[in-house]
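J.: got a structure for you, letters missing:
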């Protein structure tokens with residue numbers, strides 16, 4: 001039995017929906033994740049360094065602020081609790097963040113992100129300045145229009161209700 005090209009295309013689309021192709025990322029078990037946390041090697045050391053360092057720095061800032069807040073929370077306790085608990089948490093979470101950035105799945109993602117960012121054509125300083133001025137002018141114009149509409153509705157409703 002011969003089917004037309006539309007039927008074949010619809011059938012292929014249904015097959016892809018039912019059985020999506022493997023994305024290249026494999027799921028890891030909890031045991032593999034814990035095992036990965038205690039490794040000391042670096043995965044693809046020279047690739048994606050900027051993306052990895054930036055991701056780690058962002059995580060470190062977030063964790064550092066959280067530990068500072070934890071230190072403030074333990075303010076009335078002994079110095080060992082006030083400073084010791086946050087420092088232990090900071091060290092453990094920073095090590096975990098460093099290891100997560102080195103995990104093959106996540107590291108490959110960050111390597112791909114850095115590769116795509118290198119393909120972007122970034123604006124020159126002059127283009128960036130002009131575009132920023134346009135955005136600010138449009139924001140002020142729209143704010144002025146909203147102010148005028150607000151005043152118009154205030155006057156009209158005040159006149160109708162009084």
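T.: Great, that's in hand. Here the structure is a predicted model, which is why all the values come from computation and not from measurement.
J.: Pop the domain breakdown of the protein in here.
T.: Annotated domains of the chain cover 26-120, 121-162 [automatic domain parsing].
J.: Tabulate those in TSV, adding columns for mean neighbour count, mean pLDDT and distance to residue 6.
T.: Just so you know, the C-beta spots here come from the backbone N, C-alpha and C atoms, and that holds for glycine as well. Formatted as TSV, the domains of the chain follow (neighbours: other Cβ atoms under 10 Å; pLDDT from 0 to 100; distance: least, Cβ to Cβ, whole Å):
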stretch	mean neighbour count	mean pLDDT	distance to residue 6
domain 26-120	14	88	35
domain 121-162	9	95	39
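J.: Would you mind giving these as CSV with distance to residue 11 added?
T.: Shown next, in CSV, are the domains of the chain (distance: least, Cβ to Cβ, whole Å):
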stretch, distance to residue 11
domain 26-120, 28
domain 121-162, 40
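J.: From residue 92, how far off is residue 108?
T.: As judged by Cβ to Cβ, to the nearest Å, residue 108 and residue 92 stand 25 Å apart.
J.: Correct me if wrong: residue 81 contacts residue 74.
T.: Yes - using Cβ atoms under 8 Å, residue 81 is in contact with residue 74, at 4.9 Å.
J.: Helix, strand, or coil at the residue positioned nearest the centre of the chain?
T.: Centroid-nearest residue in the chain, with Cα atoms, centre = their mean: residue 55, separated by 8.9 Å. Here residue 55 is helix, with the state taken from DSSP: H, G, I helix; E, B strand; the rest coil.
J.: Residue 27 now?
T.: Of the three states, residue 27 takes coil under three-state DSSP.
J.: Excluding covalently adjacent residues, which one is nearest to residue 55?
T.: Excluding its sequence neighbours, the residue lying closest to residue 55 (Cβ to Cβ, 6 or more residues apart in numbering) is residue 101, at 5.6 Å.
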